[in-house]
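In: just a sequence and a predicted model for now, questions to come.
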Amino acid sequence: EAGVVQSPRYKIIEKKQPVAFWCNPISGHNTLYWYRQNLGQGPELLIRYENEEAVDDSQLPKDRFSAERLKGVDSTLKIQPAELGDSAVYLCASSPTGIGHEQYFGPGTRLTVT
Amino acid sequence: AQSVTQLGSHVSVSEGALVLLRCNYSSSVPPYLFWYVQYPNQGLQLLLKYTTGATLVKGINGFEAEFKKSETSFHLTKPSAHMSDAAEYFCAVSYQAGTALIFGKGTTLSVSS
């Protein structure tokens, strides 16, 4: 079974530029999460989807971050414009709805804003 | 607010020695508890989890953890460290199926020969 797929793996951009990250969850997993992991810290939730509905986006900086999950499968997280403080690893995870609690993580996208 | 505390940001052991990584949580309700491992430039991999039932949980790669409600702890242990165990370890909790995991800050495990 394929795991959670993310692309790109690495991205370097200049501040004020836009950037987008893509995630394909495990097949059949209805719940999708985006986390941000700052250097030396544990991941922190940005947004959670149940199918195509964003059910928890309280930690998403909505002035510059946006996300979508069209058709309830793939998801895209966008930052526009990027700031130096956005440098981090962006992790996507998925889990099957209503069954257990564990989440399966992708390899992440390491963003460097210069 | 619920939180997770991992005591010791860096733990160093010799190959073959006992590994003990500490995790405490703050919660008024029983949580669901997890340990994840992260190797360099990789995502998080689940080591083990506690949801209900037996409080001693066995995971992959010889790791185990014990849920102690009275101490609000979920420490991770392994009897004999291998060089391949060197990685970042994260303790996490959740309180409802499908909700976000709350992570500790992580503990870096170094293993020397």
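Out: Arrived safely.

In: find the residue closest to the closest residue to chain A within chain B in space, skipping its chain neighbours.
Out: Per C-beta to the nearest C-beta, B:Phe103 is where chain B lies closest to chain A, at 3.0 Å. Just so you know, the C-beta spots here come from the backbone N, C-alpha and C atoms, and that holds for glycine as well. The shortest distance from B:Phe103 to any non-neighbouring residue, by C-beta to C-beta, 6 or more residues apart in numbering or on different chains, is to A:Gly42 (3.0 Å).

In: number of nearby residues for the one you found?
Out: Burial of A:Gly42 is recorded as 22 neighbouring residues (other C-beta atoms under 10 Å in any protein chain shown).

In: partner residues bridging the spatially most central residue of chain A?
Out: Residue closest to the mean C-alpha point of chain A, counted by C-alpha atoms, centre = their mean, is A:Trp34 at 3.1 Å. Legend: beta-bridge partners of A:Trp34 under DSSP bridges are A:Ile47, A:Cys92.

In: which positions in chain A make contact with chain B?
Out: Proximity of chain A to chain B (C-beta under 8 Å from any C-beta of the partner chain) is limited to residues A:4, A:31, A:33, A:35, A:40-45, A:48, A:50, A:56, A:91, A:93, A:95, A:97-108, A:110.

In: quick one: the residue nearest to the centre of chain A and chain B, what's the gap?
Out: In this structure, A:Trp34 and chain B are 10 Å apart, going by C-beta to the nearest C-beta, to the nearest Å.

In: got the contact list for that residue?
Out: Listed by C-beta atoms under 8 Å, 6 or more residues apart in numbering or on different chains, the contact partners of A:Trp34 are A:23, A:45-48, A:67, A:75, A:77, A:90-92.

In: tell me the one of the residues you listed nearest B:Ser70?
Out: Each of those was checked against B:Ser70 using C-beta to C-beta; the closest is A:Leu45, at 29.1 Å.

In: related to what we said a few turns ago, give me the element the residue nearest to B:Phe103 is part of.
Out: Take DSSP states H and E as the rule and A:Gly42 turns out to sit in neither a helix nor a strand.

In: in which helix or strand would I find the residue sitting nearest the centre point of chain B?
Out: Closest residue to the average C-alpha location of chain B: B:Trp35 at 3.5 Å, with C-alpha atoms, centre = their mean. B:Trp35 belongs to strand B:32-38 when assigned by DSSP H and E.

In: pull up the gap between the residue of chain A found nearest chain B and A:Lys16, please.
Out: Closest to chain B within chain A is A:Gly42: 3.0 Å, counting by C-beta to the nearest C-beta. For A:Gly42, the distance to A:Lys16 (C-beta to C-beta, to the nearest Å) stands at 29 Å.

In: just A:Ser66 next, same as before
Out: Summarising the geometry, the distance separating A:Ser66 from A:Lys16, computed by C-beta to C-beta, is 16 Å.

In: likewise for B:Ala86?
Out: Going from B:Ala86 to A:Lys16 by C-beta to C-beta gives 38 Å.

In: who's more crowded, these two?
Out: Counting neighbours by other C-beta under 10 Å for B:Ala86 and for A:Lys16 shows that B:Ala86 has the greater number, 17 against 10.

In: for that one, which non-adjacent residue is spatially closest?
Out: The nearest residue in space to B:Ala86 (C-beta to C-beta, 6+ apart) is B:Val111, at 4.7 Å.

In: what's the closest non-adjacent residue to residue 6?
Out: Picked chain A for this. Closest to A:Gln6 by C-beta to C-beta, 6+ apart is A:Gly106, at 4.0 Å.

In: should've been chain B
Out: Nearest-residue entry for B:Gln6: B:Gly104, 3.8 Å, with adjacent residues in sequence omitted and distances by C-beta to C-beta, 6+ apart.
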